[in-house]
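Enquirer: coords below, sequence missing:
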C-alpha cells in the first residue's frame, strides 16, 4: 500500500498539487520534528534497490504522512477515491520488511563497488545473506509477513546455492587466498551453509575446495618451473661426471625445489590469519617473495569483478540525471532531460553543441 501510495503521489499528487501539497507536507515534517533531512524518492521499476530506498525514506516520514491526512483534505480526498490512505497495518508491514530488504541492499552495495577488490567478498555476502535469512526465520512468528517473505527467499536461495556443485569454486579459493580468512573460515562457513548433522554436502564441498586449490597450485607451479627452466637454459653448466657420475646432486636439487613449492602452500595455510583491516592487494605485494606461486594466483583471481553494475553505470545516462541528490524529479522530467541531452549530442553543429553544454 505504501509503495502504491507514493507512486500515486508522484504520478497524480505532487505534479497536480505542487504548491499546496509541498507546503503542507513541509509543515507536517517540521511539526513532527523529523530529523531525517532526505526526501521521499521515486521507485524505479528496473532497479529493485530503489524500492528499499523509497520505503526507507517514507517510513522515516511516517508521522508526517499520518498528520498530512488531517491537514491536507485534497490529498486525503484524492487518495480516498482510488487506493485509499495508508493504514496502521500498512506502516507496520513496511517496518517489518525493511530489515529484510536492507540485507540485500547493503550486500549489493558492497559487491558492486569499483574502488576496491570485490571478488574476495562475494562468498562472504552469500554466507551473510544466508545467516540473515535464518535470523529472520528464527526471530519472527510463522504467521508474520516477514517470516513468509524470508521462507520464500530461503527457497530461492537454495535454488542457486543449495547444492555443492552449484558453487563457483574459484570464488571459494579467492576467500582462502584472503589472509584474513583462509581455509579455517571457509570450513566454518560451509558448515553454516550445510549443517553437518543433517547432510554430507558440506564435506563434499570442502573436499572439492581442497582438491581444486591443490590442482590450481600445481598448475601455476608447473608454469613457474617452466619459466625457471627457460631462464636456466641461458646458463647451461656441463655436469661434472667425475664427481657426480650417478646424478645424485641433480636429483637432490629437484627434490629440494619440489619440497619448497609444496611447503609454500602449507606454510601459508598454517600461518595465523591477518588483521581485519589489512589491504589484501598490499599484503600480497609485500609477501610475493615469500609466496611467489600463490601471489601469482592471487594476482590473477583478485582482479575479477563479480558484478557488472559499475560498468553498466558508466554507460548509464539515467544514473547521471536521477541520483540520490536529485531524486525528486518526476518520470516525465527525467525522460525529458535524457532525451534533450541525447538530441544535443546528435547535433551536427559542434559550435552549437559546445554552447548548449556550457549553458547547462
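Expert: Yep, it's here. Everything numeric here is computed off the predicted structure, so don't read it as measured data.
Enquirer: Show me what the lengthiest helix in the chain is packed up against.
Expert: For the chain, the helix with the greatest residue count under DSSP state H is helix 201-232. In terms of contacts (3 or more Cβ pairs under 8 Å, 6 or more residues apart in numbering; DSSP states H and E), helix 201-232 is packed against helix 169-176, helix 182-193, helix 248-270, helix 292-301. Bear in mind the C-beta positions are built from the backbone N, C-alpha and C, glycine included.
Enquirer: now do 6 Å
Expert: helix 169-176, helix 182-193, helix 292-301 (3 or more Cβ pairs under 6 Å, 6 or more residues apart in numbering; DSSP states H and E).
Enquirer: Looking at those, which is nearest to residue 89?
Expert: Evaluated with Cβ to Cβ, the helices and strands packed on helix 201-232 place helix 182-193 nearest to residue 89, the distance being 34.7 Å.
Enquirer: May I see the buried residues of the closest one?
Expert: By neighbour count on 16 or more other Cβ atoms under 10 Å, the buried set for helix 182-193 is 182-183, 185-186, 189-190, 193.
Enquirer: Just the local confidence number for residue 274, please.
Expert: Note for residue 274: predicted pLDDT of 84.
Enquirer: Might you report the residue contacts of residue 297?
Expert: By Cβ atoms under 6 Å, 6 or more residues apart in numbering, residue 297 lies in contact with residue 220.
Enquirer: ok, now how distant is it from residue 303?
Expert: The gap separating residue 297 from residue 303 is 12 Å, by Cβ to Cβ, to the nearest Å.
Enquirer: where are the low-confidence patches of the stretch 201-350 of the chain?
Expert: For the stretch 201-350 of the chain, the stretches flagged by pLDDT under 70 are 225-262, 308-331, 345-350.
Enquirer: Between helix 169-176 and the longest helix of the chain, find me the angle.
Expert: Helix 201-232 runs at 80 degrees relative to helix 169-176, counting by axes from the mean of the first three to the mean of the last three Cα atoms, to 10 degrees.
Enquirer: one step back: select, out of the helices and strands packed on helix 201-232, the one closest to residue 134.
Expert: helix 182-193 (8.6 Å).
Enquirer: Residue 175 versus residue 208, what's the distance?
Expert: Distance from residue 208 to residue 175, by Cβ to Cβ: 14 Å.
Enquirer: Mind checking which of the two has more residues around it?
Expert: Using other Cβ atoms under 10 Å as the criterion, residue 208 and residue 175 rank with residue 175 on top: 22 against 15.
Enquirer: pretty sure the more buried one is touching residue 122, no?
Expert: No - Residue 175 lies out of contact with residue 122 (Cβ atoms under 6 Å); the separation is 8.4 Å.
Enquirer: ok, then the element right after the helix or strand that contains residue 132?
Expert: Using DSSP states H and E, residue 132 falls within helix 122-139. Downstream of helix 122-139, the first helix or strand assigned by DSSP H and E is helix 145-161.
Enquirer: Next, the angle helix 122-139 makes with that next one.
Expert: Using the same axes, to 10 degrees, helix 145-161 lies at 150 degrees relative to helix 122-139.
Enquirer: What lies in contact with helix 145-161?
Expert: With Cβ under 6 Å, 6+ apart, helix 145-161 has contacts from 93, 96, 100, 133, 136-137, 140.
Enquirer: ok, which pair from the residues you listed is furthest apart?
Expert: Greatest spacing in the contacts of helix 145-161, by Cβ to Cβ: 93 and 133 (18.5 Å).
Enquirer: what separates residue 151 from residue 127, distance-wise?
Expert: Counting by Cβ to Cβ, the gap from residue 151 to residue 127 is 19 Å.
Enquirer: go on, residue 335?
Expert: For residue 335 relative to residue 127 (Cβ to Cβ), the value is 41 Å.
Enquirer: Relative to residue 67, which of the helices and strands packed on helix 201-232 is closest?
Expert: When the helices and strands packed on helix 201-232 are compared (using Cβ to Cβ), the closest one is helix 182-193, at 45.2 Å.
Enquirer: List of residues touching that closest one?
Expert: 127, 130, 172, 175-176, 202, 205-206, 269, 273.
Enquirer: can I get these in TSV with distance to residue 107?
Expert: Below are the contacts of helix 182-193 laid out as TSV (distance: Cβ to Cβ, whole Å):
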residue	distance to residue 107
127	11
130	11
172	17
175	15
176	21
202	22
205	21
206	24
269	28
273	23
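Enquirer: coming back round to it: of residue 335 and residue 127, which one has the most company?
Expert: residue 127 (18 against 13).
Enquirer: For residue 264, the count of nearby residues, please.
Expert: That count, for residue 264 with other Cβ under 10 Å as the rule, works out to 18.
Enquirer: which residues touch it?
Expert: 291, 293.
Enquirer: farthest-separated two in the buried residues of helix 182-193?
Expert: 182 and 193 (17.5 Å).
Enquirer: Leaving out sequence neighbours, find the closest residue to residue 141.
Expert: Spatial nearest neighbour of residue 141, chain neighbours left out: residue 147 (6.2 Å); criterion: Cβ to Cβ, 6 or more residues apart in numbering.
Enquirer: let me redo that: residue 95
Expert: Closest to residue 95 by Cβ to Cβ, 6+ apart is residue 59, at 6.1 Å.
Enquirer: Please tell me how far that neighbour sits from residue 98.
Expert: Taken as Cβ to Cβ, the span from residue 59 to residue 98 is 6 Å.
Enquirer: now what about stretch 130-139, what contacts it?
Expert: With Cβ under 6 Å, 6+ apart, stretch 130-139 has contacts from 100, 103, 146, 150, 153-154, 193.
Enquirer: So which bits of that stretch are buried?
Expert: Going by 16+ other Cβ under 10 Å, stretch 130-139 has these buried residues: 130, 132-133, 136.
Enquirer: I'm done for today, thanks for sticking with me.
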